[in-house]
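Got a predicted structure plus its sequence, pasted below:
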Amino acid sequence: MKRMILVLTVSAMMLVTILTGVALGDIGEPDGGHKGGEDEPGTPKCEWYGPYEERPYDPWWEYWCWWPGWGWEYVFWAYD
């Protein structure tokens, strides 16, 4: 009985490994990590935005980047 459980467990692990390899493709392939047909992001356009004033004595600025084809990325903020 113990051998049967061991054989089934190892078989299940091998099956998962094989299916994962097929789903991911060749890891050495240049396009192996892409999701579908998405392109790589272009050169980001980054800029300071602000000043934001929640209280009049400590305004702050935020630095954001726009990646064409991917969207916005918040980078950091700084007090004025």
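That came through fine. Source: prediction; values computed, not measured. Numbering: from 1, shown residues only.

Next secondary structure after the one helix or strand Ala12 maps to?
Secondary structure from DSSP states H and E places Ala12 in helix 2-24. Counting by DSSP H and E, the next helix or strand C-terminal to helix 2-24 is strand 45-52.

Relative to that following strand, what are the paired strands and their orientations?
According to DSSP bridges, strand 45-52 forms sheet pairs with strand 60-67 (antiparallel).

Quick check: buried residues in the lowest-mean-pLDDT helix or strand in the chain?
Every helix and strand in the chain was compared by mean pLDDT, DSSP states H and E; the lowest is helix 2-24, with a mean of 79. Judged by neighbour count (16 or more other CB atoms under 10 Å), helix 2-24 contains no buried residues. The way it works is simple: take the backbone N, C-alpha and C, and place the C-beta from them, glycine included.

Could you number the chain from 35 rather than 1 from now on?
With 35 as the first residue, the last one maps to helix 36-58.

Alpha carbons only: can I get that helix in PDB?
The C-alpha trace of helix 36-58 is given here as PDB (Å, rounded to 0.1, in the frame of the first residue of the first chain):
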ATOM      1  CA  LYS A  36       2.800   2.400   0.800                       C
ATOM      2  CA  ARG A  37       4.500   1.700  -2.500                       C
ATOM      3  CA  MET A  38       1.200   2.400  -4.300                       C
ATOM      4  CA  ILE A  39       0.900   5.800  -2.600                       C
ATOM      5  CA  LEU A  40       4.500   6.600  -3.400                       C
ATOM      6  CA  VAL A  41       4.100   5.600  -7.100                       C
ATOM      7  CA  LEU A  42       0.900   7.700  -7.400                       C
ATOM      8  CA  THR A  43       2.600  10.700  -5.700                       C
ATOM      9  CA  VAL A  44       5.700  10.600  -7.900                       C
ATOM     10  CA  SER A  45       3.500  10.100 -11.000                       C
ATOM     11  CA  ALA A  46       1.400  13.100 -10.100                       C
ATOM     12  CA  MET A  47       4.500  15.300  -9.500                       C
ATOM     13  CA  MET A  48       5.900  14.200 -12.900                       C
ATOM     14  CA  LEU A  49       2.600  15.000 -14.600                       C
ATOM     15  CA  VAL A  50       2.500  18.500 -13.100                       C
ATOM     16  CA  THR A  51       6.100  19.100 -14.100                       C
ATOM     17  CA  ILE A  52       5.500  18.000 -17.700                       C
ATOM     18  CA  LEU A  53       2.300  20.100 -18.000                       C
ATOM     19  CA  THR A  54       4.100  23.200 -16.500                       C
ATOM     20  CA  GLY A  55       6.900  22.800 -19.000                       C
ATOM     21  CA  VAL A  56       4.500  22.700 -21.900                       C
ATOM     22  CA  ALA A  57       2.500  25.700 -20.600                       C
ATOM     23  CA  LEU A  58       5.600  27.900 -20.100                       C
END
